[in-house]
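Q: build me a model:
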Amino acid sequence: MQRFVLALNIGLAVTCLIAAGGIGWAYKQTSALPRIDVSASLSAPVAPGEAENILLVGVDDGSGLDSNDPVLTGRPATLNTDTIIILRVDPKNQQVAMVSLPRDLYVNLAGGGKGRINEALALGGPQRLIETIKQDFNVPINHYAMVNFAGFRSVVSAVGGVPIYFQYPSRDQWTGLFQYDPGCVTLDGEQALAFARSRHFEIQRAPNRWQEDPSSDFGRIKRQQQFIKAALRKAVSKGARNPFVLRDLLTFAQKNVTLDTAFSIQSLVDLGTQFRSFDPDALVTFTPPADGAMVGSMSVVLLQEKEAQPMFDIFRGLAPIVDPTIPTTTIPAPPTSSTVAPGGGGSSSTTTMPKPSTTTTLGDYVPQTPPGGTCL
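A: As a prediction, this is how the structure comes out:
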């Protein structure tokens, strides 16, 4: 969630603080953001005002946390690449689009070898991840931002929680999500984190009968994208008029956000200025068409190469960002079976994937406000 909120709203925060007379403080705080030099891997910079791509990586780092910290629920206290998003910002047309890459997407890793895309960062750092994306998808990456997942609760608290409408009692026993009362709920930091991380999301449509989302990471991506819009709406409605909230966001960013060295303060100010009136509901979200499969004993996601090209063309700058009122993506139903031999040849064992329930649509697993309703 905070990957996009911070990428866009740090710039907004700086702009508002400067407008409020806090120019010295704002520049000082933003200058203190940690930096990483990945310039050798980045694509050439674009002219001011032109569309560009920002790679947003969520680092799920549990190291150093107390063993009883709820952040550790459902995962080890190690460094993981939990979320990979390519954000395309087009100031000239006032449009923003994002594509969420499944962390288990099976790709050719830059420098040699095959593996899940999240292995690129673990094995070769940000440079290898950037180069893998450029190599496999022919998508330019102009800037890089990395956010520490452990600070998730702080940014949610800074905006006063994020409202989500649950149509049914919902839970994820792996992450600690427990929302048993349907309706509009303002999630605090811990429950927001549990919701955003949920891969085993369950709903209860009938007494004593829980149904798990069969789409796993695809469902999580859709819930994250829905949460991003809700978080942006809350940040804009509260933060844009409250300099204290903006200061909290910048203070949070100093501890949890790392930017590439070419991402200048002026670029952040310009970004905030250009999108200060951006409507969060106009954010266009994409999920790559893909199928679940097994490579040997490893569960992976295989990209549907041909079907994915029109989507990637948008991020290549070869096609305009699609009108946000037109449905652009759906959660693909898991295949009944799919096998891939290690290295791409031969066949191993066949694994049957769970089929979606005939009485429960995949959309039921993405909490959303009913038509005509509100959840603020």
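
Q: doesn't C184 make contact with P163?
A: Yes - with contact defined as C-beta atoms under 8 Å, P163 and C184 form a contacting pair (5.7 Å). (C-beta placed from N, C-alpha, C; glycine too.)

Q: okay, and the helix or strand of this structure with the least pLDDT?
A: helix 2-19 (a mean of 46; mean pLDDT, DSSP states H and E).

Q: could you pull out the buried residues of the helix or strand containing K306?
A: Per DSSP states H and E, K306 falls inside helix 305-316. Using 16 or more other C-beta atoms under 10 Å as the test for burial, helix 305-316 gives A308, M311, F312, I314, F315.

Q: closest one to V57 out of those residues, please.
A: F315 (15.8 Å; C-beta to C-beta).

Q: excluding covalently adjacent residues, which one is nearest to the closest one?
A: The spatial neighbour of F315 that comes closest, neighbours along the chain excluded (C-beta to C-beta, 6 or more residues apart in numbering), is V139 at 4.7 Å.

Q: before we move on, back to that, make JSON lines out of the buried residues of helix 305-316 and add distance to T175 and pLDDT.
A: Shown next, in JSON lines, are those (distance: C-beta to C-beta, whole Å; pLDDT from 0 to 100):
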{"residue": "A308", "distance to T175": "29", "pLDDT": "96"}
{"residue": "M311", "distance to T175": "28", "pLDDT": "94"}
{"residue": "F312", "distance to T175": "30", "pLDDT": "96"}
{"residue": "I314", "distance to T175": "31", "pLDDT": "96"}
{"residue": "F315", "distance to T175": "29", "pLDDT": "97"}
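
Q: which of these lies closest to D90?
A: For those, the nearest to D90 is I314 (9.8 Å; C-beta to C-beta).

Q: dump the residue contacts of the closest one.
A: When the contact criterion is C-beta atoms under 8 Å, 6 or more residues apart in numbering, the partners of I314 are R88, A97, F286, P320, I321, V322.

Q: mind listing the helices for the stretch 251-376 of the chain?
A: When secondary structure is read from DSSP state H, counting those that start in this stretch, the stretch 251-376 of the chain shows helices at 265-274, 305-316.

Q: weakest of these in terms of mean pLDDT?
A: Ranked on mean pLDDT, the bottom entry among those is helix 265-274, at a mean of 74.

Q: in that one, which residues are buried?
A: For helix 265-274, by 16+ other C-beta under 10 Å, it's I265, S267, L268, V269, D270, L271, G272, T273, Q274.

Q: what is it packed up against?
A: In terms of contacts (3 or more C-beta pairs under 8 Å, 6 or more residues apart in numbering; DSSP states H and E), helix 265-274 is packed against helix 2-19, helix 23-31.

Q: okay, the angle between the lengthiest helix in the chain and helix 305-316?
A: Of all the segments of type helix in the chain, defined by DSSP state H, the longest one is helix 118-137. If you take axes from the mean of the first three to the mean of the last three C-alpha atoms, to 10 degrees, helix 118-137 sits at 90 degrees to helix 305-316.

Q: in its sheet, what does the lengthiest strand in the chain sit against?
A: Across the chain, the longest stretch assigned as strand under DSSP state E is strand 79-90. As defined by DSSP bridges, the strand partners of strand 79-90 come to strand 52-61 (antiparallel), strand 95-101 (antiparallel).

Q: what pLDDT, on average, does that strand get?
A: 82.

Q: in it, which residues are buried?
A: Buried-residue list, strand 79-90, by 16+ other C-beta under 10 Å: N80, T81, D82, T83, I84, I85, I86, L87, R88, V89, D90.

Q: who does the second one form a beta bridge with?
A: So that's T81. V59.

Q: residues contacting it?
A: V57, G58, V59, D60, R103, N118, L121, A122, L129.

Q: ok, so of those, who is nearest T369?
A: Nearest to T369 among the contacts of T81, with distances taken as C-beta to C-beta, is G58, at 25.1 Å.

Q: pull the number of nearby residues for the residue nearest to P126 when sequence neighbours are not counted.
A: Excluding the flanking residues, the one nearest P126 by C-beta to C-beta, 6+ apart is V38, at 5.0 Å. When neighbours are defined as other C-beta atoms under 10 Å, V38 has 22 of them.
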